[in-house]
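Trainee: quick one, structure for this:
(chains A and B)
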Amino acid sequence: DGGITQSPKYLFRKEGQNVTLSCEQNLNHDAMYWYRQDPGQGLRLIYYSQIVNDFQKGDIAEGYSVSREKKESFPLTVTSAQKNPTAFYLCASGTYANSPLHFGNGTRLTVT
Amino acid sequence: AQSVTQPDIHITVSEGASLELRCNYSYGATPYLFWYVQSPGQGLQLLLKYFSGDTLVQGIKGFEAEFKRSQSSFNLRKPSVHWSDAAEYFCAVGAGDSSYKLIFGSGTRLLVRP
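Mentor: Next up, the predicted model:
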């Protein structure tokens, strides 16, 4: 079955360490997204990519970085510059502008 | 700029009762509107979408939503709630004709009383 795979489901890191969250899709979608979810704040867009080798900052890109070397993959790195990295991170993909998004099951990152 | 408001943070209904979750958007042209549902610790699942045409949209799991341009609303409804409907619900709007961004509301958590 086609879908989006995020790994790992839970991730623990010490403050000051960079960490990379994986997102892979086999839906053949051109666009991929990273959202951050905090209680009571809904989903906030971190980065998105409309095509391979291209990506744009979302609303809260500071302290994060991404790459899009393959259509199927859109990893997110949470750097030590991100002040409050503990959150639930959701990866999504879509086919065209304003299309519905398909979501992965998320990665819960805890930084202590 | 586009925005989405879900005025109710929590809603509690009894099993078998009807449900309406409110969503108001701010957008100049005809919007692309979506409702998603999220179970705890999971990703989001699309319930339904509105792009154009009939203003009453049917979705999965017995949900429907009505687009009302005059009220800038896209409220989600279900005639009879089941305990398994307890989850968080998000309304979203497409950010523009050529945009790939979706803007999400802050969500409404639905609790179902037995």
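Trainee: tally of neighbours for A:Ser80?
Mentor: 15 (other CB atoms under 10 Å in any protein chain shown). All C-beta atoms are positioned from the backbone trio N, CA, C, and that covers glycine.
Trainee: for it, grab phi and psi.
Mentor: Main-chain dihedrals, A:Ser80, degrees, to the nearest 10: phi -70, psi -10.
Trainee: next up, identify which helix or strand the residue nearest to it when sequence neighbours are not counted is on.
Mentor: For A:Ser80, ignoring the flanking residues on the chain, the nearest one in space by CB to CB, 6 or more residues apart in numbering or on different chains is A:Gly16 at 5.0 Å. If you go by DSSP states H and E, A:Gly16 is not part of any helix or strand.
Trainee: any residue of the helix or strand hosting A:Thr77 touching chain B?
Mentor: Here A:Thr77, judged by DSSP H and E, is contained in strand A:76-78. No. Using CB under 8 Å from any CB of the partner chain, strand A:76-78 never reaches chain B; the gap is at least 14.9 Å.
Trainee: what mean pLDDT does that strand have?
Mentor: For strand A:76-78, mean pLDDT is 97.
Trainee: quick check: buried residues in that strand?
Mentor: A:76, A:78 (16 or more other CB atoms under 10 Å in any protein chain shown).
Trainee: distance of A:Tyr89 relative to B:Glu66?
Mentor: Distance of A:Tyr89 to B:Glu66, given as CB to CB, to the nearest Å: 33 Å.
Trainee: what sits against A:Lys9?
Mentor: The contact partners of A:Lys9, by CB atoms under 8 Å, 6 or more residues apart in numbering or on different chains, come to A:105-108.
Trainee: could you export those as JSON lines, including pLDDT, neighbour count and secondary structure?
Mentor: What follows is the contacts of A:Lys9, written out as JSON lines (pLDDT from 0 to 100; neighbours: other CB atoms under 10 Å in any protein chain shown; DSSP: H, G, I helix; E, B strand; the rest coil):
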{"residue": "A:Asn105", "pLDDT": "95", "neighbour count": "17", "secondary structure": "coil"}
{"residue": "A:Gly106", "pLDDT": "96", "neighbour count": "22", "secondary structure": "coil"}
{"residue": "A:Thr107", "pLDDT": "97", "neighbour count": "22", "secondary structure": "strand"}
{"residue": "A:Arg108", "pLDDT": "96", "neighbour count": "15", "secondary structure": "strand"}
